[in-house]
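*Asks:* Got a sequence here, can you build the structure:
(chains A and B)
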Protein chains: 2
Amino acid sequence: MDFRSKLAAVWQRHDSLLCVGLDPDVARLPPHLRERPDAVLAFCKGIVDATADLACAFKPQIAYFAAAHAEDQLQDLIAYIHARHPAVPVVLDAKRGDIGATAQQYAREAFERYGADALTVNPYMGFDSVEPYLEFSDRGLIVLCRTSNPGGSDLQNLTVEGGRKLYQHVAELVAGKWNVHGQNALVVGATFPEELAEVRAIVGDLPLLVPGIGAQGGDVEATVKAGRTATGVGLMISSSRAILYAGSGEDFAAKARAVALATREEINLYRS
Amino acid sequence: MDFRSKLAAVWQRHDSLLCVGLDPDVARLPPHLRERPDAVLAFCKGIVDATADLACAFKPQIAYFAAAHAEDQLQDLIAYIHARHPAVPVVLDAKRGDIGATAQQYAREAFERYGADALTVNPYMGFDSVEPYLEFSDRGLIVLCRTSNPGGSDLQNLTVEGGRKLYQHVAELVAGKWNVHGQNALVVGATFPEELAEVRAIVGDLPLLVPGIGAQGGDVEATVKAGRTATGVGLMISSSRAILYAGSGEDFAAKARAVALATREEINLYRS
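*Replies:* Residues are numbered from 1 along each chain as shown, chains lettered A, B, ... in the order given. Below is the predicted model:
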(Lines give C-alpha, C1' and ligand atoms only; values in the text may rest on other atoms or scores of the structure.)
Protein backbone atom coordinates (compact mmCIF):
# COMPACT_ATOMS: atom_id res chain seq x y z
CA MET A 1 0.00 0.00 0.00
CA ASP A 2 1.36 3.46 -0.79
CA PHE A 3 2.30 5.89 1.96
CA ARG A 4 -0.70 8.20 1.59
CA SER A 5 -3.19 5.29 1.74
CA LYS A 6 -1.39 3.65 4.63
CA LEU A 7 -1.44 6.91 6.56
CA ALA A 8 -5.14 7.56 5.83
CA ALA A 9 -5.98 4.04 6.98
CA VAL A 10 -3.99 4.18 10.21
CA TRP A 11 -5.39 7.59 11.19
CA GLN A 12 -8.81 5.86 11.32
CA ARG A 13 -7.76 2.44 12.56
CA HIS A 14 -5.69 3.73 15.50
CA ASP A 15 -7.80 6.85 15.97
CA SER A 16 -4.50 8.67 16.25
CA LEU A 17 -2.50 11.57 14.85
CA LEU A 18 0.45 10.75 17.09
CA CYS A 19 3.82 10.04 15.44
CA VAL A 20 6.26 8.39 17.82
CA GLY A 21 9.79 9.66 17.20
CA LEU A 22 12.58 7.12 17.74
CA ASP A 23 15.68 9.09 18.80
CA PRO A 24 17.65 6.53 20.82
CA ASP A 25 20.32 8.53 22.63
CA VAL A 26 22.72 5.89 23.96
CA ALA A 27 23.51 8.04 27.00
CA ARG A 28 19.84 7.99 28.02
CA LEU A 29 18.96 4.32 27.53
CA PRO A 30 17.70 2.41 30.59
CA PRO A 31 20.72 1.02 32.51
CA HIS A 32 19.56 -2.58 32.21
CA LEU A 33 19.83 -2.36 28.41
CA ARG A 34 22.95 -0.26 28.05
CA GLU A 35 25.50 -3.07 28.05
CA ARG A 36 23.74 -5.13 25.40
CA PRO A 37 25.36 -5.01 21.95
CA ASP A 38 21.87 -4.49 20.50
CA ALA A 39 20.86 -1.92 23.14
CA VAL A 40 19.51 0.59 20.62
CA LEU A 41 17.39 -2.02 18.87
CA ALA A 42 16.11 -3.58 22.10
CA PHE A 43 15.12 -0.16 23.43
CA CYS A 44 13.33 0.86 20.23
CA LYS A 45 11.52 -2.49 19.95
CA GLY A 46 10.26 -2.00 23.50
CA ILE A 47 8.92 1.46 22.62
CA VAL A 48 7.44 0.28 19.33
CA ASP A 49 5.57 -2.69 20.82
CA ALA A 50 4.26 -0.54 23.68
CA THR A 51 2.95 2.25 21.46
CA ALA A 52 2.10 0.79 18.01
CA ASP A 53 -1.67 0.71 18.52
CA LEU A 54 -1.57 4.37 19.61
CA ALA A 55 0.53 5.67 16.73
CA CYS A 56 -0.12 6.82 13.17
CA ALA A 57 3.61 6.63 12.33
CA PHE A 58 7.03 5.78 13.71
CA LYS A 59 9.81 8.22 12.92
CA PRO A 60 13.35 6.93 13.51
CA GLN A 61 15.90 9.76 13.44
CA ILE A 62 18.89 8.35 11.57
CA ALA A 63 21.44 10.65 13.27
CA TYR A 64 21.11 8.75 16.55
CA PHE A 65 21.74 5.43 14.85
CA ALA A 66 24.63 6.80 12.77
CA ALA A 67 26.38 8.37 15.76
CA ALA A 68 26.13 5.02 17.59
CA HIS A 69 27.42 3.04 14.59
CA ALA A 70 24.03 1.28 14.62
CA GLU A 71 22.84 1.34 11.00
CA ASP A 72 22.29 -2.41 11.11
CA GLN A 73 20.06 -2.02 14.14
CA LEU A 74 18.07 0.64 12.28
CA GLN A 75 17.60 -1.76 9.39
CA ASP A 76 16.46 -4.51 11.78
CA LEU A 77 14.14 -2.11 13.59
CA ILE A 78 12.33 -1.01 10.43
CA ALA A 79 12.00 -4.62 9.25
CA TYR A 80 10.59 -5.47 12.69
CA ILE A 81 7.99 -2.67 12.51
CA HIS A 82 6.89 -3.79 9.03
CA ALA A 83 6.57 -7.39 10.21
CA ARG A 84 4.90 -6.83 13.57
CA HIS A 85 3.00 -3.60 13.07
CA PRO A 86 2.34 -3.44 9.32
CA ALA A 87 -0.41 -0.83 9.67
CA VAL A 88 2.01 1.81 10.95
CA PRO A 89 4.14 3.59 8.32
CA VAL A 90 7.80 4.32 9.02
CA VAL A 91 9.09 7.82 8.32
CA LEU A 92 12.88 7.91 8.10
CA ASP A 93 13.92 11.29 9.45
CA ALA A 94 17.15 12.09 7.63
CA LYS A 95 16.52 15.53 6.07
CA ARG A 96 18.56 14.66 3.00
CA GLY A 97 19.32 17.26 0.36
CA ASP A 98 21.80 16.98 -2.52
CA ILE A 99 22.14 17.10 -6.31
CA GLY A 100 20.28 14.54 -8.43
CA ALA A 101 23.02 11.92 -8.78
CA THR A 102 23.60 11.93 -5.02
CA ALA A 103 19.90 12.07 -4.20
CA GLN A 104 19.51 8.84 -6.19
CA GLN A 105 21.91 7.22 -3.73
CA TYR A 106 20.03 8.64 -0.74
CA ALA A 107 16.76 7.35 -2.23
CA ARG A 108 18.28 3.89 -2.51
CA GLU A 109 19.48 4.15 1.08
CA ALA A 110 16.08 5.20 2.47
CA PHE A 111 13.68 3.17 0.34
CA GLU A 112 15.65 0.09 -0.71
CA ARG A 113 18.17 -0.48 2.06
CA TYR A 114 15.99 0.66 4.98
CA GLY A 115 12.58 0.09 3.39
CA ALA A 116 11.14 3.33 4.81
CA ASP A 117 7.61 4.34 3.81
CA ALA A 118 8.59 8.00 3.73
CA LEU A 119 11.66 10.22 4.04
CA THR A 120 12.22 13.78 5.23
CA VAL A 121 14.20 16.02 2.85
CA ASN A 122 15.51 19.58 2.72
CA PRO A 123 14.30 21.93 -0.06
CA TYR A 124 17.32 24.31 -0.17
CA MET A 125 18.82 22.75 -3.31
CA GLY A 126 15.58 22.90 -5.31
CA PHE A 127 13.50 20.64 -7.49
CA ASP A 128 16.12 18.38 -9.08
CA SER A 129 17.36 17.56 -5.56
CA VAL A 130 13.95 16.06 -4.66
CA GLU A 131 13.12 14.57 -8.06
CA PRO A 132 14.91 11.20 -7.61
CA TYR A 133 12.76 10.41 -4.57
CA LEU A 134 9.58 11.04 -6.56
CA GLU A 135 10.34 8.06 -8.76
CA PHE A 136 9.51 5.94 -5.74
CA SER A 137 5.91 7.04 -6.17
CA ASP A 138 4.51 4.70 -3.49
CA ARG A 139 6.69 6.38 -0.84
CA GLY A 140 6.14 9.67 0.92
CA LEU A 141 8.40 12.68 0.51
CA ILE A 142 8.20 15.02 3.49
CA VAL A 143 9.87 18.35 2.78
CA LEU A 144 11.08 20.79 5.45
CA CYS A 145 8.98 23.94 5.39
CA ARG A 146 8.79 25.75 8.76
CA THR A 147 10.84 24.11 11.47
CA SER A 148 10.26 24.16 15.21
CA ASN A 149 13.73 25.24 16.35
CA PRO A 150 14.63 28.85 17.30
CA GLY A 151 16.91 29.29 14.25
CA GLY A 152 14.10 28.12 11.99
CA SER A 153 13.23 31.78 11.51
CA ASP A 154 16.71 32.77 10.27
CA LEU A 155 15.98 31.85 6.64
CA GLN A 156 12.46 30.41 6.56
CA ASN A 157 10.86 33.64 7.79
CA LEU A 158 12.57 35.94 5.31
CA THR A 159 10.18 37.85 3.08
CA VAL A 160 10.83 36.85 -0.53
CA GLU A 161 9.71 38.33 -3.83
CA GLY A 162 5.91 38.48 -4.06
CA GLY A 163 5.68 39.47 -0.38
CA ARG A 164 5.43 35.95 1.01
CA LYS A 165 7.70 34.31 3.53
CA LEU A 166 10.21 31.74 2.27
CA TYR A 167 8.37 28.91 4.08
CA GLN A 168 5.11 29.89 2.37
CA HIS A 169 6.88 29.77 -0.98
CA VAL A 170 8.21 26.29 -0.12
CA ALA A 171 4.70 25.16 0.90
CA GLU A 172 3.32 26.27 -2.47
CA LEU A 173 6.06 24.56 -4.45
CA VAL A 174 5.86 21.27 -2.54
CA ALA A 175 2.04 21.08 -2.65
CA GLY A 176 1.94 22.28 -6.26
CA LYS A 177 4.64 22.03 -8.93
CA TRP A 178 6.79 19.55 -7.03
CA ASN A 179 3.90 17.21 -6.14
CA VAL A 180 4.13 15.26 -9.38
CA HIS A 181 2.69 12.00 -8.07
CA GLY A 182 0.66 13.25 -5.09
CA GLN A 183 3.06 11.73 -2.56
CA ASN A 184 4.35 14.94 -0.96
CA ALA A 185 4.00 16.17 2.60
CA LEU A 186 5.59 18.95 4.69
CA VAL A 187 7.36 19.45 8.01
CA VAL A 188 5.84 22.35 9.94
CA GLY A 189 6.77 22.87 13.59
CA ALA A 190 4.25 23.00 16.43
CA THR A 191 5.93 26.01 17.98
CA PHE A 192 4.28 28.46 15.56
CA PRO A 193 0.55 27.55 15.36
CA GLU A 194 -0.46 30.64 13.40
CA GLU A 195 2.08 29.71 10.71
CA LEU A 196 0.85 26.12 10.75
CA ALA A 197 -2.63 27.50 9.98
CA GLU A 198 -1.22 29.56 7.10
CA VAL A 199 0.48 26.48 5.66
CA ARG A 200 -2.73 24.45 5.98
CA ALA A 201 -4.56 27.14 4.05
CA ILE A 202 -1.98 26.94 1.25
CA VAL A 203 -1.70 23.15 0.91
CA GLY A 204 -5.27 21.80 1.20
CA ASP A 205 -5.29 18.25 2.59
CA LEU A 206 -1.55 17.60 2.27
CA PRO A 207 -0.22 15.63 5.27
CA LEU A 208 1.86 17.67 7.70
CA LEU A 209 4.53 16.20 9.97
CA VAL A 210 4.53 18.38 13.06
CA PRO A 211 7.42 18.11 15.52
CA GLY A 212 7.74 20.40 18.49
CA ILE A 213 5.23 19.24 21.09
CA GLY A 214 6.57 17.57 24.23
CA ALA A 215 10.19 18.42 25.01
CA GLN A 216 10.20 21.32 22.51
CA GLY A 217 7.24 23.05 24.18
CA GLY A 218 4.59 23.32 21.43
CA ASP A 219 0.96 23.62 22.59
CA VAL A 220 -1.20 20.62 21.62
CA GLU A 221 -4.56 22.41 21.45
CA ALA A 222 -3.24 25.25 19.31
CA THR A 223 -1.36 22.82 17.07
CA VAL A 224 -4.31 20.55 16.36
CA LYS A 225 -6.75 23.39 15.78
CA ALA A 226 -4.32 25.14 13.44
CA GLY A 227 -3.22 22.09 11.48
CA ARG A 228 -6.15 19.64 11.19
CA THR A 229 -8.04 19.21 7.93
CA ALA A 230 -11.82 19.63 7.67
CA THR A 231 -12.23 15.96 8.57
CA GLY A 232 -9.95 16.19 11.60
CA VAL A 233 -6.94 14.40 10.16
CA GLY A 234 -3.96 15.51 8.01
CA LEU A 235 -1.39 15.55 10.82
CA MET A 236 1.46 13.42 12.12
CA ILE A 237 2.14 15.14 15.43
CA SER A 238 5.53 13.94 16.50
CA SER A 239 6.78 13.44 20.03
CA SER A 240 10.11 11.79 20.75
CA ARG A 241 11.91 12.53 24.00
CA ALA A 242 8.78 12.98 26.15
CA ILE A 243 7.69 9.43 25.26
CA LEU A 244 11.07 7.68 24.95
CA TYR A 245 12.43 8.87 28.26
CA ALA A 246 9.21 8.91 30.30
CA GLY A 247 10.83 6.20 32.40
CA SER A 248 14.42 5.16 32.84
CA GLY A 249 14.02 1.77 34.50
CA GLU A 250 12.91 -1.68 33.45
CA ASP A 251 9.38 -0.31 33.07
CA PHE A 252 10.44 2.23 30.42
CA ALA A 253 8.04 0.78 27.84
CA ALA A 254 5.01 0.96 30.15
CA LYS A 255 5.90 4.54 31.07
CA ALA A 256 6.30 5.39 27.39
CA ARG A 257 2.91 3.86 26.64
CA ALA A 258 1.26 5.95 29.34
CA VAL A 259 2.65 9.18 27.90
CA ALA A 260 1.81 8.13 24.33
CA LEU A 261 -1.75 7.32 25.38
CA ALA A 262 -2.18 10.62 27.18
CA THR A 263 -0.74 12.49 24.19
CA ARG A 264 -3.01 10.74 21.71
CA GLU A 265 -6.01 11.49 23.92
CA GLU A 266 -5.04 15.12 24.35
CA ILE A 267 -4.65 15.47 20.57
CA ASN A 268 -8.03 13.80 20.00
CA LEU A 269 -9.79 16.30 22.28
CA TYR A 270 -9.23 18.99 19.65
CA ARG A 271 -9.69 17.14 16.35
CA SER A 272 -13.36 17.86 15.73
CA MET B 1 46.30 20.90 13.15
CA ASP B 2 42.97 22.65 12.64
CA PHE B 3 41.16 22.51 9.32
CA ARG B 4 41.94 26.08 8.24
CA SER B 5 45.67 25.67 8.90
CA LYS B 6 45.81 22.26 7.27
CA LEU B 7 44.10 23.63 4.18
CA ALA B 8 46.37 26.68 3.98
CA ALA B 9 49.43 24.42 4.28
CA VAL B 10 48.34 21.92 1.63
CA TRP B 11 47.40 24.64 -0.87
CA GLN B 12 51.11 25.59 -0.81
CA ARG B 13 52.67 22.18 -0.35
CA HIS B 14 50.74 20.50 -3.19
CA ASP B 15 50.44 23.69 -5.24
CA SER B 16 46.84 22.69 -5.71
CA LEU B 17 43.27 23.93 -5.34
CA LEU B 18 41.89 20.58 -6.53
CA CYS B 19 39.54 18.69 -4.23
CA VAL B 20 39.08 15.08 -5.29
CA GLY B 21 35.50 13.94 -4.70
CA LEU B 22 35.07 10.30 -3.69
CA ASP B 23 31.64 9.20 -4.96
CA PRO B 24 32.06 5.43 -5.41
CA ASP B 25 29.04 4.32 -7.42
CA VAL B 26 29.10 0.52 -7.14
CA ALA B 27 27.61 0.19 -10.62
CA ARG B 28 30.60 2.03 -12.09
CA LEU B 29 33.51 0.38 -10.28
CA PRO B 30 36.14 -1.35 -12.43
CA PRO B 31 35.01 -4.95 -13.10
CA HIS B 32 38.12 -6.47 -11.53
CA LEU B 33 37.18 -4.90 -8.17
CA ARG B 34 33.42 -5.35 -8.21
CA GLU B 35 33.25 -8.82 -6.64
CA ARG B 36 35.49 -7.95 -3.70
CA PRO B 37 33.63 -7.48 -0.40
CA ASP B 38 35.72 -4.33 0.12
CA ALA B 39 35.27 -3.10 -3.47
CA VAL B 40 34.35 0.45 -2.46
CA LEU B 41 37.33 0.79 -0.14
CA ALA B 42 39.79 -0.76 -2.60
CA PHE B 43 38.60 1.56 -5.36
CA CYS B 44 38.82 4.67 -3.20
CA LYS B 45 42.26 3.75 -1.85
CA GLY B 46 43.46 3.39 -5.44
CA ILE B 47 42.16 6.85 -6.29
CA VAL B 48 43.53 8.39 -3.09
CA ASP B 49 47.04 6.99 -3.50
CA ALA B 50 47.13 8.06 -7.15
CA THR B 51 46.03 11.64 -6.52
CA ALA B 52 47.05 12.63 -2.98
CA ASP B 53 50.04 14.75 -4.00
CA LEU B 54 47.83 16.63 -6.47
CA ALA B 55 44.97 17.37 -4.09
CA CYS B 56 44.17 20.00 -1.48
CA ALA B 57 41.34 17.87 -0.06
CA PHE B 58 39.49 14.60 -0.40
CA LYS B 59 35.73 14.76 -0.28
CA PRO B 60 33.93 11.45 0.30
CA GLN B 61 30.20 11.73 -0.41
CA ILE B 62 28.51 9.71 2.32
CA ALA B 63 25.39 8.90 0.24
CA TYR B 64 27.35 6.50 -1.95
CA PHE B 65 28.70 4.64 1.06
CA ALA B 66 25.32 4.57 2.80
CA ALA B 67 23.48 3.26 -0.26
CA ALA B 68 26.05 0.47 -0.53
CA HIS B 69 25.86 -0.43 3.17
CA ALA B 70 29.53 0.55 3.35
CA GLU B 71 29.83 2.83 6.38
CA ASP B 72 32.64 0.67 7.75
CA GLN B 73 34.56 1.08 4.51
CA LEU B 74 34.11 4.85 4.76
CA GLN B 75 35.52 4.76 8.28
CA ASP B 76 38.49 2.70 7.10
CA LEU B 77 39.02 4.99 4.11
CA ILE B 78 39.21 8.15 6.20
CA ALA B 79 41.55 6.48 8.68
CA TYR B 80 43.70 5.40 5.74
CA ILE B 81 43.88 8.93 4.34
CA HIS B 82 44.88 10.33 7.75
CA ALA B 83 47.58 7.67 8.12
CA ARG B 84 49.05 7.71 4.63
CA HIS B 85 48.36 11.24 3.43
CA PRO B 86 48.17 13.31 6.61
CA ALA B 87 48.68 16.60 4.78
CA VAL B 88 45.37 16.29 2.92
CA PRO B 89 42.22 17.22 4.87
CA VAL B 90 39.09 15.10 4.53
CA VAL B 91 35.78 16.88 3.91
CA LEU B 92 32.83 14.63 4.66
CA ASP B 93 30.12 15.64 2.20
CA ALA B 94 26.87 14.88 4.02
CA LYS B 95 24.94 18.19 3.88
CA ARG B 96 23.45 17.61 7.32
CA GLY B 97 20.82 19.93 8.72
CA ASP B 98 18.66 19.38 11.80
CA ILE B 99 17.71 20.81 15.20
CA GLY B 100 20.39 21.18 17.86
CA ALA B 101 19.92 17.89 19.70
CA THR B 102 20.06 15.96 16.43
CA ALA B 103 22.91 18.04 15.05
CA GLN B 104 24.92 16.99 18.11
CA GLN B 105 24.52 13.39 16.97
CA TYR B 106 25.53 14.26 13.41
CA ALA B 107 28.58 16.10 14.75
CA ARG B 108 29.56 13.00 16.69
CA GLU B 109 29.06 10.91 13.55
CA ALA B 110 31.20 13.17 11.34
CA PHE B 111 33.96 14.23 13.69
CA GLU B 112 34.23 11.39 16.23
CA ARG B 113 33.12 8.28 14.39
CA TYR B 114 34.52 9.20 10.96
CA GLY B 115 37.21 11.64 12.08
CA ALA B 116 36.49 14.08 9.24
CA ASP B 117 38.39 17.38 9.17
CA ALA B 118 35.34 19.21 7.85
CA LEU B 119 31.66 18.60 7.15
CA THR B 120 29.18 20.09 4.68
CA VAL B 121 25.88 21.29 6.19
CA ASN B 122 22.63 22.86 5.04
CA PRO B 123 21.62 26.32 6.37
CA TYR B 124 17.81 26.03 5.94
CA MET B 125 17.17 25.36 9.64
CA GLY B 126 19.21 28.33 10.86
CA PHE B 127 21.88 29.05 13.43
CA ASP B 128 21.06 26.57 16.18
CA SER B 129 21.20 23.80 13.58
CA VAL B 130 24.87 24.62 12.86
CA GLU B 131 25.90 25.55 16.40
CA PRO B 132 26.73 22.02 17.67
CA TYR B 133 29.34 21.60 14.94
CA LEU B 134 31.05 24.85 15.96
CA GLU B 135 32.00 23.32 19.29
CA PHE B 136 34.46 21.20 17.33
CA SER B 137 36.42 24.36 16.70
CA ASP B 138 39.37 22.61 15.05
CA ARG B 139 37.09 21.24 12.34
CA GLY B 140 35.71 23.02 9.30
CA LEU B 141 32.02 23.74 8.78
CA ILE B 142 31.18 24.15 5.10
CA VAL B 143 27.71 25.59 4.62
CA LEU B 144 25.66 25.32 1.40
CA CYS B 145 25.28 28.74 -0.19
CA ARG B 146 24.81 28.65 -4.00
CA THR B 147 24.72 25.15 -5.42
CA SER B 148 25.71 24.00 -8.88
CA ASN B 149 22.56 22.06 -9.82
CA PRO B 150 19.74 23.47 -12.03
CA GLY B 151 17.26 23.57 -9.11
CA GLY B 152 19.78 25.51 -7.05
CA SER B 153 18.05 28.66 -8.27
CA ASP B 154 14.59 27.63 -7.01
CA LEU B 155 15.16 28.99 -3.49
CA GLN B 156 18.73 30.30 -3.40
CA ASN B 157 18.10 32.92 -6.07
CA LEU B 158 14.97 34.38 -4.52
CA THR B 159 15.24 38.06 -3.70
CA VAL B 160 14.81 38.51 0.05
CA GLU B 161 14.21 41.54 2.22
CA GLY B 162 16.97 44.13 1.75
CA GLY B 163 17.08 43.39 -1.98
CA ARG B 164 19.72 40.68 -1.81
CA LYS B 165 19.41 37.11 -3.02
CA LEU B 166 18.93 34.37 -0.44
CA TYR B 167 22.40 32.92 -1.18
CA GLN B 168 23.99 36.33 -0.57
CA HIS B 169 22.18 36.52 2.76
CA VAL B 170 23.51 33.06 3.64
CA ALA B 171 27.04 34.10 2.64
CA GLU B 172 26.86 37.10 4.98
CA LEU B 173 25.54 35.07 7.90
CA VAL B 174 28.07 32.24 7.52
CA ALA B 175 31.06 34.56 7.10
CA GLY B 176 29.82 36.92 9.83
CA LYS B 177 27.51 36.16 12.74
CA TRP B 178 27.71 32.38 12.42
CA ASN B 179 31.53 32.31 12.13
CA VAL B 180 32.07 32.22 15.87
CA HIS B 181 35.44 30.45 15.83
CA GLY B 182 36.67 31.28 12.31
CA GLN B 183 36.20 27.74 11.06
CA ASN B 184 33.45 28.37 8.51
CA ALA B 185 33.50 27.93 4.76
CA LEU B 186 30.88 27.89 1.98
CA VAL B 187 29.75 25.72 -0.91
CA VAL B 188 29.38 27.78 -4.10
CA GLY B 189 28.91 26.02 -7.44
CA ALA B 190 31.19 26.53 -10.43
CA THR B 191 28.25 26.78 -12.80
CA PHE B 192 27.58 30.43 -11.92
CA PRO B 193 30.96 32.26 -11.96
CA GLU B 194 29.46 35.75 -11.63
CA GLU B 195 27.70 34.65 -8.44
CA LEU B 196 30.91 33.07 -7.18
CA ALA B 197 32.55 36.48 -7.61
CA GLU B 198 29.75 38.13 -5.66
CA VAL B 199 30.16 35.64 -2.82
CA ARG B 200 33.94 36.18 -2.78
CA ALA B 201 33.32 39.93 -2.47
CA ILE B 202 31.06 39.32 0.54
CA VAL B 203 33.18 36.81 2.47
CA GLY B 204 36.79 38.04 2.17
CA ASP B 205 39.25 35.16 2.41
CA LEU B 206 36.78 32.50 3.57
CA PRO B 207 37.48 29.12 1.92
CA LEU B 208 34.99 28.13 -0.77
CA LEU B 209 34.25 24.56 -1.78
CA VAL B 210 33.36 24.70 -5.46
CA PRO B 211 31.71 21.68 -7.09
CA GLY B 212 30.49 21.74 -10.66
CA ILE B 213 33.56 21.48 -12.90
CA GLY B 214 34.08 18.23 -14.80
CA ALA B 215 30.90 16.19 -15.27
CA GLN B 216 28.68 19.10 -14.24
CA GLY B 217 30.11 21.41 -16.92
CA GLY B 218 31.50 24.41 -14.99
CA ASP B 219 34.27 26.43 -16.72
CA VAL B 220 37.64 26.24 -14.95
CA GLU B 221 39.04 29.59 -16.07
CA ALA B 222 35.90 31.52 -15.13
CA THR B 223 35.66 29.66 -11.81
CA VAL B 224 39.22 30.32 -10.71
CA LYS B 225 39.19 33.97 -11.75
CA ALA B 226 35.88 34.55 -9.99
CA GLY B 227 36.65 32.68 -6.81
CA ARG B 228 40.38 33.04 -6.00
CA THR B 229 41.58 35.28 -3.21
CA ALA B 230 44.14 38.06 -3.74
CA THR B 231 46.92 35.53 -3.08
CA GLY B 232 45.50 32.98 -5.53
CA VAL B 233 44.12 30.51 -3.01
CA GLY B 234 40.82 30.26 -1.08
CA LEU B 235 39.28 27.50 -3.20
CA MET B 236 38.67 23.77 -3.03
CA ILE B 237 37.58 23.09 -6.61
CA SER B 238 35.94 19.72 -6.53
CA SER B 239 35.83 17.15 -9.28
CA SER B 240 34.46 13.67 -8.71
CA ARG B 241 33.14 11.65 -11.64
CA ALA B 242 35.56 13.03 -14.26
CA ILE B 243 38.48 11.77 -12.15
CA LEU B 244 36.98 8.62 -10.61
CA TYR B 245 35.70 7.17 -13.86
CA ALA B 246 38.44 8.38 -16.22
CA GLY B 247 39.25 4.71 -16.73
CA SER B 248 37.25 1.57 -16.11
CA GLY B 249 39.95 -1.08 -16.25
CA GLU B 250 42.81 -2.21 -14.05
CA ASP B 251 44.57 1.08 -14.84
CA PHE B 252 41.73 3.18 -13.36
CA ALA B 253 44.08 4.80 -10.83
CA ALA B 254 46.63 5.87 -13.46
CA LYS B 255 43.85 7.29 -15.63
CA ALA B 256 42.42 9.11 -12.62
CA ARG B 257 45.86 10.56 -11.86
CA ALA B 258 46.22 11.84 -15.42
CA VAL B 259 42.89 13.69 -15.22
CA ALA B 260 43.63 15.02 -11.73
CA LEU B 261 47.03 16.29 -12.89
CA ALA B 262 45.54 17.98 -15.95
CA THR B 263 42.80 19.55 -13.83
CA ARG B 264 45.24 20.85 -11.22
CA GLU B 265 47.41 22.32 -13.99
CA GLU B 266 44.44 23.93 -15.73
CA ILE B 267 43.35 25.45 -12.42
CA ASN B 268 46.87 26.73 -11.75
CA LEU B 269 46.98 28.54 -15.11
CA TYR B 270 44.46 31.04 -13.79
CA ARG B 271 45.44 31.46 -10.15
CA SER B 272 47.66 34.51 -10.46
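
*Asks:* Flag every residue of the stretch 101-250 of chain A that's near chain B.
*Replies:* A:101-103, A:105-106, A:108-109, A:112-113, A:122-131, A:144, A:147-156, A:158-161, A:166, A:169-170, A:173, A:211, A:241 (C-beta under 8 Å from any C-beta of the partner chain). Quick note: C-beta positions are derived from backbone N, CA and C, even for glycine.

*Asks:* One more pass at 7 Å, please.
*Replies:* For the stretch 101-250 of chain A, the contact set with chain B under C-beta under 7 Å from any C-beta of the partner chain comprises A:102, A:105-106, A:108-109, A:113, A:122-129, A:144, A:147, A:149-155, A:158-161, A:166, A:169.

*Asks:* which of the residues you listed are buried?
*Replies:* Among those, those classed as buried by 16 or more other C-beta atoms under 10 Å in any protein chain shown are A:102, A:105-106, A:108-109, A:113, A:122-129, A:144, A:147, A:149, A:151-155, A:158-160, A:166, A:169.

*Asks:* Among the residues you listed, which lie within helices?
*Replies:* Those of those mapping onto helices are A:102, A:105-106, A:127-129, A:152-155, A:166, A:169, per DSSP state H.

*Asks:* how much space between residue A:231 and residue A:17?
*Replies:* For residue A:231, the distance to residue A:17 equals 12 Å [C-beta to C-beta, to the nearest Å].

*Asks:* So those two - more neighbours on which side?
*Replies:* residue A:17 (29 against 10; other C-beta atoms under 10 Å in any protein chain shown).

*Asks:* And the helices in chain A, which stretches?
*Replies:* Along chain A, the stretches classed as helices by DSSP H are A:3-13, A:31-34, A:39-51, A:62-67, A:71-84, A:100-107, A:127-134, A:152-156, A:166-175, A:193-203, A:220-227, A:241-244, A:252-269.

*Asks:* Minimum distance to residue A:182: which of those has it?
*Replies:* Closest of the helices of chain A to residue A:182 is helix A:3-13, at 6.8 Å (criterion: C-beta to C-beta).

*Asks:* Mind listing what's buried along that closest one?
*Replies:* For helix A:3-13, burial by neighbour count (16+ other C-beta under 10 Å) applies to A:3-4, A:6-8, A:10-11.

*Asks:* which stretches of chain A have low pLDDT?
*Replies:* Residues of chain A meeting the criterion pLDDT under 70: A:215.

*Asks:* quick revisit: identify, out of the helices of chain A, the most deeply packed stretch.
*Replies:* Among these, the stretch with the highest mean neighbour count (mean count of other C-beta atoms under 10 Å in any protein chain shown) is helix A:62-67, at a mean of 25.

*Asks:* So which residues make contact with it?
*Replies:* Residues outside helix A:62-67 that contact it (C-beta atoms under 7 Å, 6 or more residues apart in numbering or on different chains): A:23-25, A:40, A:71, A:73-74, A:92-94, B:98, B:102, B:105-106, B:108-109, B:113.

*Asks:* ok, now with 6 Å
*Replies:* A:23-24, A:71, A:74, A:94, B:102, B:105-106, B:108-109 (C-beta atoms under 6 Å, 6 or more residues apart in numbering or on different chains).

*Asks:* Quick one: those residues as a markdown table, columns for distance to residue A:183 too.
*Replies:* Shown next, in a markdown table, are those (distance: C-beta to C-beta, whole Å):
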| residue | distance to residue A:183 |
| --- | --- |
| A:23 | 25 |
| A:24 | 28 |
| A:71 | 25 |
| A:74 | 22 |
| A:94 | 17 |
| B:102 | 24 |
| B:105 | 28 |
| B:106 | 26 |
| B:108 | 32 |
| B:109 | 28 |
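
*Asks:* and which of those residues is nearest to residue A:82?
*Replies:* For the contacts of helix A:62-67, the residue nearest residue A:82 by C-beta to C-beta is residue A:74; the value is 12.9 Å.

*Asks:* residue contacts, that closest one?
*Replies:* Contacts for residue A:74 (C-beta under 6 Å, 6+ apart) come out as residue A:65.

*Asks:* ok, 10 Å please
*Replies:* Contacts for residue A:74 (C-beta atoms under 10 Å, 6 or more residues apart in numbering or on different chains) come out as A:22, A:24, A:40-41, A:44, A:60-62, A:64-66, A:68, A:92, A:113-114, A:116.

*Asks:* Same question for residue A:73.
*Replies:* Neighbouring residues of residue A:73 by C-beta under 10 Å, 6+ apart: A:24, A:37-45, A:60, A:65.

*Asks:* And those, which is closest to chain B?
*Replies:* Closest approach to chain B among these (C-beta to the nearest C-beta): residue A:65, at 8.8 Å.

*Asks:* show me what contacts the nearest residue to residue A:222 once chain neighbours are set aside?
*Replies:* Excluding the flanking residues, the one nearest residue A:222 by C-beta to C-beta, 6 or more residues apart in numbering or on different chains is residue A:193, at 3.9 Å. Contacts for residue A:193 (C-beta under 10 Å, 6+ apart) come out as A:210, A:212, A:218-219, A:221-227.
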